[in-house]
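Engineer: my questions concern the predicted model and sequence given below.
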Amino acid sequence: NNYDGALIWDASTGNRIAIVSAKGYPKVSPDANSIWFYDNDIGNIRVWDIETRQFAQEYDFESEHHLEQFTDNQLVTTKAGLISIWENGIESINLLHTSPEAFGGSAGDVLFTEDGNRLLLNRSGVQIFDTVTWALESEIPFDIYIYEMALSPDNQSVAVALGLTNNPDKDMLRTYDLETGAETLAVNYTNTFASVAYHPTENYLAVGRNRGFDLALYSTQNGIMLSRFVEGGVPNAVAFSSDGMLVASGNADGNVRVYNTATRQPEYVIDAGGNVNSLAFSRDGTMLAVGTRLLSFYNTTNGQEIYTSDYLGTDINDMSFSPDNRLLATIRDGSIALWNVKSGKQLWETTEGTRYGHIAFHPDGRIIVTASTNLSLWVINTGADGDNDGVDDVLDSCPQQAGDINGCPDKDADGFIDLVDLCPDEVG
């Protein structure tokens, strides 16, 4: 595909068989009989028949939609941050469902409050959702890109590390009261902050700073810098252990540096072997997970490697431990995955429509939320130990009933098997 149209090649011979005058990204239909284009010039979706090598169908859209993907007999499009699902009919395409506007667009960090009743989403500011109704409660708007955000231990404040701006006088690290939306702290810095995390018990933040290639600790009461650790690259990720005794920074130079927060001295350095985009301490503080294009687990006492995954191909952008420390969820370009923390083995993966984004476990441990170009909710349906591996985990599906592949029925009869349709309460 290029700006003038699409070139179609025979994969077995390498010969070009057609030039199609339709601009826009092509998608092959599930039955492989046709290629679909969104034509930017005329604003329609056009269907090119592979056998006849002619356009066989054209669907008129009132305004611009981007053709994203096929799922079974449905077509997914996006328009101005909205996600639309269309039924793929012979004569027409019928709109089935469009996600709420607040869930569309490009999204960054995603965080749950400790009680699970609120979700914070980084999208053109900080958006706060009620997780019962999924209604947008409130919003703290920004005209600057937010690199990362962090929730205070008491769930009363949110800290944001801001991105590039044309105004060098703007405060690039800020904290806000979640109830009122009022700014409670502003730290001026002549460049951007790349990462941010709250200490779990003390009144300070750890932030990775782009220009200084350093990790800095700032008081949340007055914004004074308390300590500074020189790094070998941009600290893309920062995290505290659950007891607050350790702080780790993941760097673009391929190293993870771990410091003692009491002595303010380095404990050890881990050679992660590649650009570190994400890291997380286990909830019990015994393990440190590090994401590059590998997933590695380390002993937090001495920094020794416990195990490392096979090469994944793309950088792990974010990760989250389950509340019981049994699972780790990761997201990277092309994959959302769940890992068994005890064995280091991958339990589950989906590769459909995933892009770089962020991921978080709900405090109940059964729901995962992902945010990239859309907000998605995933329910971990565990039944009895169906595969007899001694662990009641994601591989053990719910008891089979009329409904989806995991046996969960459409209980509210809204036509969608979704978060509202939880499996019946049964042993397992």
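Structural biologist: Done, it's in.
Engineer: switch to C-alpha atoms for all contacts and neighbour counts from now on
Structural biologist: OK.
Engineer: excluding sequence neighbours, find me the nearest residue to Ile17.
Structural biologist: Trp9 (5.4 Å; CA to CA, 6 or more residues apart in numbering).
Engineer: burial measure for the one you found, as a count.
Structural biologist: Number of residues near Trp9 (other CA atoms under 10 Å) recorded here: 13.
Engineer: what residues are up against the residue nearest to Thr286 when sequence neighbours are not counted?
Structural biologist: In space, and not counting its chain neighbours, Thr286 is closest to Thr300: 5.5 Å by CA to CA, 6+ apart. Listed by CA atoms under 8 Å, 6 or more residues apart in numbering, the contact partners of Thr300 are 285-288.
Engineer: cool, Asp10 as well?
Structural biologist: Asp10 is in contact with 16-17, counting by CA under 8 Å, 6+ apart.
Engineer: point out where the stretch 151-300 of the chain drops to low pLDDT.
Structural biologist: Within the stretch 151-300 of the chain, the segments meeting pLDDT under 70 span 163-171, 190-191.
Engineer: one more pass at 80, please.
Structural biologist: 163-172, 188-192, 210-212, 232 (pLDDT under 80).
Engineer: can you give me the helices in it?
Structural biologist: In the stretch 151-300 of the chain, no helices are defined using DSSP state H, counting those that start in this stretch.
Engineer: what are the ranges of the strands in it?
Structural biologist: For the stretch 151-300 of the chain, applying DSSP state E, counting those that start in this stretch gives strands covering 157-162, 171-177, 183-188, 193-198, 204-209, 214-219, 225-230, 235-240, 246-251, 255-260, 265-271, 278-281, 287-291, 295-299.
Engineer: how about TSV for those, with mean neighbour count added?
Structural biologist: Below are the strands of the stretch 151-300 of the chain laid out as TSV (neighbours: other CA atoms under 10 Å):
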stretch	mean neighbour count
strand 157-162	24
strand 171-177	20
strand 183-188	16
strand 193-198	27
strand 204-209	25
strand 214-219	21
strand 225-230	14
strand 235-240	27
strand 246-251	26
strand 255-260	21
strand 265-271	15
strand 278-281	26
strand 287-291	25
strand 295-299	20
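Engineer: can I get these in TSV with distance to Leu375?
Structural biologist: Formatted as TSV, the strands of the stretch 151-300 of the chain follow (distance: least, CA to CA, whole Å):
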stretch	distance to Leu375
strand 157-162	20
strand 171-177	23
strand 183-188	26
strand 193-198	22
strand 204-209	26
strand 214-219	31
strand 225-230	35
strand 235-240	22
strand 246-251	26
strand 255-260	30
strand 265-271	33
strand 278-281	20
strand 287-291	22
strand 295-299	24
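Engineer: wait, Phe112 sits on Leu119?
Structural biologist: Yes - counting by CA atoms under 8 Å, Phe112 does reach Leu119; the two are 4.6 Å apart.
Engineer: so how far is Asn340 from the residue nearest to Thr286?
Structural biologist: According to CA to CA, to the nearest Å, Thr300 stands 18 Å off from Asn340.
Engineer: what of Gln346?
Structural biologist: Where Asn340 is concerned, Gln346 sits at a distance of 6 Å (CA to CA).
Engineer: what do you get for Asn117?
Structural biologist: Separation of Asn117 from Asn340 (CA to CA): 27 Å.
Engineer: next: Thr201.
Structural biologist: 29 Å.
Engineer: kindly report the same for Leu173.
Structural biologist: With CA to CA as the criterion, Leu173 and Asn340 are 35 Å apart.
Engineer: and for Ser34?
Structural biologist: Here the criterion is CA to CA. By it, Ser34 lies 40 Å from Asn340.
Engineer: those two: which is more packed in?
Structural biologist: Taking other CA under 10 Å, Ser34 and Asn340 do not tie; Ser34 has more neighbours (20 against 17).
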